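> Need the 3D shape of this:
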Amino acid sequence: MNAIGLLIILLLLSLLVVAGKQGLKTFLGLILNFALIFVLIILVNWGFNPYLVTAVISLLILSVAIYLSAGRARVMAIAWQTSVVVIILVGLLACFTQYFAQVQGYTLENSDELEGLSLNIGLNFSHLVIIVMIISALGAVAEASMAITADLFEVIERSPNITVESLSDHAQTIGGQILGTAINTLFFGMLGANIPLLIWYLRLHYTLAEFINAKLLVMEVATMLLGMIGILLSIWFSTFLVERGYQREGRKLLHESDV
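Numbers count the residues shown, from 1 in each chain. Presented below is the predicted three-dimensional model:
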């Protein structure tokens, strides 16, 4: 058994011990989303419209990630609506970023690996960069929207006489906590994955201008920043939907059984 197989088994066992049946659903969701990513790659390779394919696959990934979670149906509905709106905005920002940054394709650092290989594969690498940026933001956006929505529903449930203004204050506090931890997760994930690259740049005595303009690094930083923006927008829009729902429906917002 290889290391990856062992880690997968340990993950499954940990999920079963910690979350029981819900852990199994979470693991199933991971498998489904992994399969959807492969479907995305295959369809883009076959020449289907990359933006249309990305839009459909993104909706499916968000649906799997959110609706296989435990919670109220209304919580999941709000989280899904938020995630869809935010991913559309992130997609537009990704197009804007790619247009000005031009980080598509391979870099000088990849030249040894690509020696003797043809890059004329019939795919627009600009489209692939945008796909990567959008897919990379999906998990962070879904997690943030689900977390803030579920927490606000808990606040409403435990505070029968809470006002909209007080709910807004709670949302700012909870949102700030979620924002801080989620952004740090993205930042250290990007930093940890690129430590060898950063050390390589330093050992090659890159100047500051070469360092901050290195295509590989710019691509990673841009993807991370889009994820952070997606988290921020998710928290804001989820809070808006919960507050509007509570203002219109009051505690009737809670009158749904757990799924």
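
> Can you give me the distance of F48 to S83?
Remark: distance between F48 and S83 (C-beta to C-beta, to the nearest Å) = 23 Å. Where C-beta positions appear, they are placed from N, C-alpha and C, glycine not excepted.

> Show me which of those two is the more surrounded one.
The neighbour count for F48 versus S83, taken as other C-beta atoms under 10 Å, is higher for S83 (31 against 14).

> Tell me which residues touch that one, please.
S83 makes contact with L62, I66, L138, V141, A142, S145, S234, according to C-beta atoms under 8 Å, 6 or more residues apart in numbering.

> any idea how far the helix or strand hosting it is from the chain center?
If you go by DSSP states H and E, S83 is part of helix 73-101. With C-alpha atoms, centre = their mean, to the nearest Å as the basis, helix 73-101 stands 9 Å off its chain's centre.

> what mean pLDDT does it have?
Across helix 73-101, the average pLDDT comes to 91.

> again, but for stretch 205-214
77.

> residues of it that come out buried?
Y206, A214 (16 or more other C-beta atoms under 10 Å).

> start to end distance for it?
Criterion C-alpha to C-alpha, to the nearest Å; first-to-last residue distance in stretch 205-214 is 13 Å.

> buried residues in the strand or helix carrying F38?
F38 belongs to helix 21-45 when assigned by DSSP H and E. Neighbour-count burial for helix 21-45 flags G23, K25, T26, F27, G29, L30, L32, N33, L36, L40, L43, V44 (criterion: 16+ other C-beta under 10 Å).

> what packs against that helix?
Judged by 3 or more C-beta pairs under 8 Å, 6 or more residues apart in numbering; DSSP states H and E, the packing partners of helix 21-45 are helix 3-19, helix 50-67, helix 125-158.

> What mean pLDDT does the shortest one get?
This predicted structure assigns helix 3-19 an average pLDDT of 88.
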